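Colleague: Below are the sequence and a predicted model; questions follow.
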Amino acid sequence: MKKTFCLVDCDNFYVSCERLFNPSLEGKPVVVLSNNDGCIVSRSNEAKLLGIPMGAPFFRWKEFFKQQGVVALSSNYALYGDISGRLMQLLEESAPCVEIYSIDEAWIDLSAHPSPESFARELREKIRRWTGIPVTLGIAPTKTLAKVASKIAKKTTALKGMNLLFGEEEIDQALRTLEVDELWGIGARLAAKLKERGISKAIDLKNADPFKIRRLFSVMLERTVWELRAISCFGLEENVSPPKQILSSQTFGQTLFSLDELRAATAHFVKEAARKLRQFGLAAHQMSVFLRHGPFPGYIESASFRFMEPIGDVIGLLEKADSLLQALYKPQRAYTKSGVILFDLLPQSCHQASFWPPEEEKERKYATLSHLLEELPKQKGKLTLRVGTELLGENWRLRFQRKTPSYTSRWEEIPAVKA
DNA sequence: TCTGGGGTCCTAGGACCC
DNA sequence: TCTGGGGTCCTAGGACCC
């Protein structure tokens, strides 16, 4: 059966969110920075026109921004997450089959829709009116081609944020204009290898022999070739599958040397990871703690542990993480980042009984404590109950020098209208 | 002086099994 | 001299995505 996929892709999402609450940013070059104000992760069209690349380190562009009047903002994830939630909800109410793909992208299956074009036109208008966020829609017989359609729509103002790609000639025409690394699933590494074999434009990959591509590269790349030929290989994934791993980590606000500081940071990451674990009703069979040290990009060392039984409670995770960390730590090292990964995740309900008699008393105590540790701060404020290790240091925390208020998610920061 | 954080999937190779 | 042929599972590492 012929398929029709529609990609809904927010334009410059983080910048667009900032503009909702600060219209004076409209028409100006604006960028949003990553955590720690490290690099540039979102750019307005005006900023793109100035030649500012995605992912560039902020410190290299600071001077240029001053000269050109570019506004740089720290990222405000509470705001972006909230706006994204509203937008996705709107999509789910408007379309039958939706896959939320990232904070600012979603797929809609329009295969059964009698008129995808008018549906898309109305949807785009509705999103703009209800959320204030501009989006671009790419519509095509495969996901890879829908990405191509949207990419071209973003480059071509005449298309007004919408592009349908169906005819073979139209598709070929589009693929002739794109480099192979502009395709979904092809990064710099693969592009370099493809170029060695004379495949440099997207159209060259479409015309390559899929079986040869599979042999030389991978099945994934073979599927991309089929997708470029309008044969769908990547379907819509509607059911939100639980995560397979949970990672919580950060680059520190400054270089750290002391074990106590690292312990405080790690305790924080464990709590974050455990919160997510509970949110999905999962338990972790394995945990790994890692540290990065030395000059950028640095060396990463990690230590893992496999629990006898999958574990979900914070206290148990904290204990183990702390001892893994202490085993990894070496004095005199300049640490720049740490983190915790939980993997081998299972639903809490498929708990396999232990061969050993359970330590019921201890488990009950832990469960109560873990519950308190999570609930109390939620109800009474962040600092009401914390783990001792968290108090060992604060220097790992991030610098946010240019953050805008949490307009939609904190009562104290809701915008006020002055009479 | 400054370089994000959170994910997924695939592959190759080793250990082990019958 | 001759040294099988299938499997499975696990892990590390590479590549990609937003």
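Modeller: Structure's in. What do you need?
Colleague: C-alpha only now, for contacts and for neighbours.
Modeller: OK.
Colleague: Quick check: which element contains residue A:274?
Modeller: Using DSSP states H and E, residue A:274 sits in helix A:259-279.
Colleague: what's that helix in contact with?
Modeller: For helix A:259-279, contacts defined as C-alpha atoms under 8 Å, 6 or more residues apart in numbering pick out A:246-249, A:256, A:283-284, A:312-314, A:317-318, A:321-322, A:325-326, A:329, A:331, A:338-342, A:374, A:387, A:389-397.
Colleague: who's the closest residue to residue A:250 other than its chain neighbours bridged to?
Modeller: Spatial nearest neighbour of residue A:250, excluding adjacent residues (C-alpha to C-alpha, 6 or more residues apart in numbering): residue A:337 at 5.7 Å. Taking DSSP bridges, one finds residue A:251, residue A:292 as the beta-bridge partners of residue A:337.
Colleague: Tell me how many other residues crowd residue A:337.
Modeller: Per other C-alpha atoms under 10 Å, the neighbour tally for residue A:337 reads 23.
Colleague: show me what contacts it?
Modeller: Counting by C-alpha under 8 Å, 6+ apart, residue A:337 has contacts A:249-252, A:291-293.
Colleague: Tell me the secondary structure of residue A:211, please.
Modeller: helix (DSSP: H, G, I helix; E, B strand; the rest coil).
Colleague: That one and residue A:220 touch, don't they?
Modeller: No - counting by C-alpha atoms under 8 Å, residue A:211 sits too far from residue A:220 to count as a contact (11.5 Å).
Colleague: Sketch out the strands for the stretch 101-250 of chain A, chain order is fine.
Modeller: Secondary structure of the stretch 101-250 of chain A (DSSP state E, counting those that start in this stretch): strands at A:105-109, A:135-140, A:162-164, A:245-256.
Colleague: Can I get the contacts of residue A:337 in JSON lines including pLDDT and neighbour count?
Modeller: Below are these laid out as JSON lines (pLDDT from 0 to 100; neighbours: other C-alpha atoms under 10 Å):
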{"residue": "A:249", "pLDDT": "92", "neighbour count": "20"}
{"residue": "A:250", "pLDDT": "89", "neighbour count": "18"}
{"residue": "A:251", "pLDDT": "88", "neighbour count": "19"}
{"residue": "A:252", "pLDDT": "90", "neighbour count": "21"}
{"residue": "A:291", "pLDDT": "91", "neighbour count": "23"}
{"residue": "A:292", "pLDDT": "91", "neighbour count": "20"}
{"residue": "A:293", "pLDDT": "90", "neighbour count": "19"}
